[in-house]
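Novice: Pasting the sequence and the predicted model now:
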Amino acid sequence: MTFEVAITGVGYRVPERVVHNREFEARMATTDQWISERTGIRERRIADPEVALSDLAIPSGRQALDHAGLDPKDIDLVICGTSTPDMLMPSTAAITAHALGCTRAAAFDLEAACSGFVYALVVAEQFIRTGTYRNVLVIGGDILSKFINWDDRGTAILFADGAGAAVLSRSDRHGFLASTLGADGAGQDLIQIPLGSRTPPSGDKSLHVVHMKGREVYKWAVDNVPKILAQVADAAELTPADFDHIILHQANLRIIEAVSKRLGLRSDQMIVNVDRMANTSAGTIPIALAEAADQGRIKPGDRLCLLGFGSGLTWAATALTWTAPRPRSALARTATTGQEPFVTAPDRSDPGVLPSRSL
Ligand SMILES: CC(C)(COP(=O)(O)OP(=O)(O)OC[C@H]1O[C@@H](n2cnc3c(N)ncnc32)[C@H](O)[C@@H]1OP(=O)(O)O)[C@@H](O)C(=O)NCCC(=O)NCCS
């Protein structure tokens with residue numbers, strides 16, 4: 001016997017610090033205009049030095065539980081999709097489950113880079129569909145600002161911090177329709193943070209940060225994302241035009257526009273927040289989803305496609321029908337203003353690649 005599965009609650013949390021493109025002009029050879037035109041990004045949220053992923057995951061999860069109307073003890077499993085956990089061990093999922101009071105829950109992290117949230121959704125869905133669990137809390141998020149070379153104009157302008165969450169529950173309605181997951185390690189050198197057991201922590205900080213072949217990633221995405229989207233639509237017995245809302249990984253507005261053009265999609269189908277949030281890796285899709293639910297843009301009965309892609313290379317897509325009501329209390333938090341600039345001019349006496357402000 002199998003069971004239907006639906007998203008019953010969402011939440012998100014981003015840092016309060018807003019970093020506008022103009023702040024990069026003091027530090028590197030770039031301009032607000034270049035960044036806006038090539039990426040669609042105008043600003044992003046960057047965490048303060050003391051903030052770790054669980055500081056964003058915990059409030060996201062709490063909002064999602066509240067929206068779902070569940071007690072933390074109702075949760076059977078917590079999965080956190082991330083590449084930037086609080087620590088290599090224990091998992092951020094275990095830290096988050098404990099802080100939320102999910103005392104009955106199993107917990108693990110899932111590493112599929114920017115595809116992590118949708119990968120985790122699909123894993124969670126399987127546990128519920130088979131009857132193993134009733135309620136799973138899925139979190140997706142990253143704090144990539146701590147793993148960026150702030151002198152590398154090819155990456156520093158793109159990545160940011162944030163987390164979002166979704167509760168999946170056994171349902172009497174037909175929520176999840178179809179999903180597809182994939183990976184191709186042949187593209188492992190396109191986006192990397194070398195730090196790990198092959199490259200343990202060392203004095204060479206250049207191995208602790210994102211390295212990316214941006215143009216090749218761009219080309220891969222524009223060639224493959226339309227095929228992945230068409231594939232998941234087909235598996236759900238839909239066409240891409242049938243989706244009311246499509247949330248692609250928010251890496252670059254030009255990628256979203258190119259995919260949209262290739263598939264002949266309408267602009268009103270695409271949910272976009274890359275202009276305000278930039279690329280929060282595993283956070284982009286749950287943040288955009290929770291924002292759209294919060295704004296009442298997504299309504300019960302709407303058909304959604306969520307599609308992530310990124311380092312690995314990995315990709316994950318799911319088609320679902322939205323069944324949750326609009327959250328009762330506003331999820332959004334207002335940004336504070338009047339902060340010190342985040343991206344400061346480099347201190348050339350510091351041989352490291354990271355400015356002290358970013359760590
Ligand atoms: C990184 C990215 C914005 C670069 O844009 P692009 O249009 O491909 O630009 P290119 O890499 O072809 O570089 C064009 C020129 O701009 C320069 N450039 C790169 N970053 C720049 C910046 N921030 N400001 C100004 N110039 C920049 C390059 O050095 C290059 O100069 P050159 O012609 O003198 O060599 C784009 O490739 C991209 O978004 N790729 C996908 C990355 C991604 O989404 N990664 C995450 C996936 S999960």
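Specialist: Yes, it's here.
Novice: Can you report how many residues neighbour Lys227?
Specialist: Number of residues near Lys227 (other Cβ atoms under 10 Å) recorded here: 12. Just so you know, the C-beta spots here come from the backbone N, C-alpha and C atoms, and that holds for glycine as well.
Novice: Helix, strand, or coil at Gly196?
Specialist: Per DSSP: H, G, I helix; E, B strand; the rest coil, the secondary structure class of Gly196 is coil.
Novice: do stretch 224-244 and the ligand meet?
Specialist: No: using Cβ under 6 Å from any ligand atom, stretch 224-244 stays clear of the ligand, coming no nearer than 10.6 Å.
Novice: how far does that stretch sit from the chain's center?
Specialist: 20 Å (Cα atoms, centre = their mean, to the nearest Å).
Novice: okay, how far is it across that stretch, tip to tip?
Specialist: 21 Å (Cα to Cα, to the nearest Å).
Novice: Flag every buried residue along that stretch.
Specialist: Asn224, Val225, Pro226, Ile228, Leu229, Val232, Ala233, Ala236, Leu238, Pro240, Phe243, Asp244 (16 or more other Cβ atoms under 10 Å).
Novice: For the chain, which segments count as helices?
Specialist: Ranges of helices in the chain, per DSSP state H, are 22-25, 32-39, 53-68, 92-100, 116-129, 214-235, 253-263, 274-277, 284-294.
Novice: Can you tell me which of the buried residues of stretch 224-244 is nearest the ligand?
Specialist: Val225 (10.6 Å; Cβ to the nearest ligand atom).
Novice: Just confirm the closest one contacts Phe309, I think it does.
Specialist: Yes: at 6.1 Å, Val225 and Phe309 qualify as touching, with contact defined as Cβ atoms under 8 Å.
Novice: What are the buried residues along stretch 248-268?
Specialist: Within stretch 248-268, judged by 16+ other Cβ under 10 Å, the buried ones are 248-260, 262-263, 265.
Novice: where do the contact lists of Val225 and Phe309 overlap?
Specialist: Common contact partners of Val225 and Phe309 (Cβ atoms under 8 Å, 6 or more residues apart in numbering): Trp315.
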